[in-house]
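1. no FASTA, just this:
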């Protein structure tokens with residue numbers, strides 16, 4: 001998504017960007033002041049800065065906008081004063097709503113990076129003396145020519161500016177706002193190496209894993225969490241490597257799937273999931289998008305939902321893969337959920353609930369008609385973008 005070449009909220013003279021900022025500082029912040037208790041006692045200008053300086057509060061504001069668009073029907077409008085709620089729709093200023101969202105996310109990220117990373121005076125870059133030809137140097141030594149003027153020292157980019165320049169093109173969506181503090185430990189080199197794949201990371205735990213030493217391999221391989229599900233397998237076999245699985249579970253913080261994150265139960269789950277039969281793996285890989293995170297989450301959710309005895313019976317015993325093949329048939333026509341643990345968990349729980357409810361469900365339409373939980377899970381996904389390459 002492009003929010004205008006080089007345009008940044010508060011730094012641009014582009015009339016469309018100026019109009020976006022004016023709307024945010026005026027009628028939009030007035031709606032937010034009425035609806036959000038933490039803003040009600042603040043004057044308008046102060047409220048705008050408080051929101052832009054606090055990613056958690058900004059995320060709350062975006063949630064209000066997305067969940068209650070009727071509150072903004074008079075202030076977020078197109079050229080004919082009709083309400084705008086879809087990111088691809090044009091606003092009165094000529095930019096899309098998605099462009100405006102990206103401008104806000106970038107402005108909030110720049111502020112946060114500067115607070116967290118720039119804790120000292122601006123650095124001055126050493127001046128670079130111009131190259132002087134040999135003949136001119138000879139003339140200068142004889143007093144026949146003037147020496148070149150020493151260039152003035154310029155301010156070097158700060159750590160915050162370097163990170164912002166690297167990540168700016170990938171700050172596009174309001175779901176990224178809660179992640180802004182977790183982008184801070186990432187180096188500009190890491191962000192550049194990830195490129196658009198950064199948008200496929202929606203969990204703070206996964207960003208921490210990527211930013212940790214060794215999180216992004218130096219040999220050019222994809223980071224573990226951004227690789228295909230085949231990375232889980234013992235080389236040359238349809239068998240899960242328990243050690244790799246444990247690393248994925250830790251890096252994704254999948255203990256959140258278990259009440260109180262009981263370590264012993266998590267270890268038992270990893271041991272059992274790593275014993276899944278090869279025919280089960282071959283049935284599930286094509287319908288889970290060959291994504292290591294979705295594949296792992298699906299199996300861990302299945303362990304939690306079905307319980308250990310039923311999971312062992314259907315997933316781990318040789319010759320029992322018919323139940324999983326039926327499950328794969330249900331998964332095949334459904335959209336791939338975004339890589340958010342909450343959304344994957346809700347979606348896969350609903351799918352597993354349909355598979356073990358009993359009864360014949362011959363096609364996708366009947367499946368949706370008879371299982372409202374699955375319909376709600378699908379509706380919650382919203383429009384699902386194509387997988388990033």
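-> Perfect, thanks for sending it. Keep in mind that this is a model prediction, so the values were computed, not measured. Numbering: from 1, shown residues only.

2. Which helix or strand in this protein has the lowest average pLDDT?
-> Least confident helix or strand, the chain: helix 364-370 with a mean of 47, by mean pLDDT, DSSP states H and E.

3. start to end distance for stretch 118-133?
-> Using C-alpha to C-alpha, to the nearest Å, one end of stretch 118-133 lies 40 Å from the other.

4. now do stretch 171-191
-> End-to-end distance of stretch 171-191 (C-alpha to C-alpha): 11 Å.

5. Only the buried residues of the helix ranked longest in the chain, if you could.
-> Longest helix of the chain, by residue count under DSSP state H: helix 97-117. Neighbour counts over helix 97-117 (16 or more other C-beta atoms under 10 Å) mark 97-114, 116-117 as buried. In this view, the C-beta of every residue, glycine as well, is placed from N, C-alpha and C.

6. And the strands in the protein?
-> Along the chain, counting by DSSP state E, strands occupy 124-125, 154-155.

7. Of these, which shows the lowest average pLDDT?
-> Lowest mean pLDDT of the strands of the chain: strand 124-125, a mean of 52.

8. List the buried residues in stretch 220-240.
-> Quick answer for stretch 220-240 (16+ other C-beta under 10 Å): 223-227, 229, 231-233, 239-240.

9. for stretch 206-224, that is, sorry about that
-> Across stretch 206-224, burial judged by 16+ other C-beta under 10 Å covers 206-207, 209-211, 215-216, 223-224.

10. ok, back up a step: output the contacting helices and strands for the longest helix of the chain.
-> On a contact count with 3 or more C-beta pairs under 8 Å, 6 or more residues apart in numbering; DSSP states H and E, helix 97-117 meets helix 15-23, helix 44-53, helix 55-67, helix 159-167, helix 180-183.

11. closest one to residue 78 among these?
-> Set against residue 78 and scored by C-beta to C-beta, these come closest in helix 15-23, at 12.5 Å.

12. where's that closest one relative to the chain centroid, distance-wise?
-> Relative to its parent chain, helix 15-23 has a centroid offset of 26 Å by C-alpha atoms, centre = their mean, to the nearest Å.

13. wait, doesn't residue 256 sit right on residue 341?
-> Yes. Counting by C-beta atoms under 8 Å, residue 256 does reach residue 341; the two are 6.4 Å apart.

14. which of these two has more neighbours?
-> A direct count of neighbours by other C-beta atoms under 10 Å for residue 256 and residue 341 places residue 341 higher, at 19 against 13.

15. so what's that one up against?
-> Shown in contact with residue 341 (C-beta atoms under 8 Å, 6 or more residues apart in numbering): 203, 252-254, 256-257, 297.

16. 6 Å - rerun?
-> Neighbour list for residue 341: residue 203 [criterion: C-beta atoms under 6 Å, 6 or more residues apart in numbering].

17. cool, and residue 289?
-> Counting by C-beta under 6 Å, 6+ apart, residue 289 touches residue 336.

18. swap in residue 202?
-> Counting by C-beta under 6 Å, 6+ apart, residue 202 touches 339-340.

19. Quick check: phi and psi at it.
-> Backbone geometry at residue 202, expressed as degrees, to the nearest 10, gives phi -120, psi 10.

20. circling back: could you tell me how far the longest helix of the chain lies from the centre of the chain?
-> Counting by C-alpha atoms, centre = their mean, helix 97-117 is centred 14 Å from the centre of its parent chain.

21. okay, now residue 22: neighbour count?
-> Around residue 22 there are 12 other residues, counting by other C-beta under 10 Å.

22. Same question for residue 309.
-> Residue 309, neighbours per other C-beta under 10 Å, totals 8.

23. Take the buried residues of stretch 206-224 and keep only those in helices.
-> Per DSSP H, helices hold the following members of these: 206-207, 209-211.
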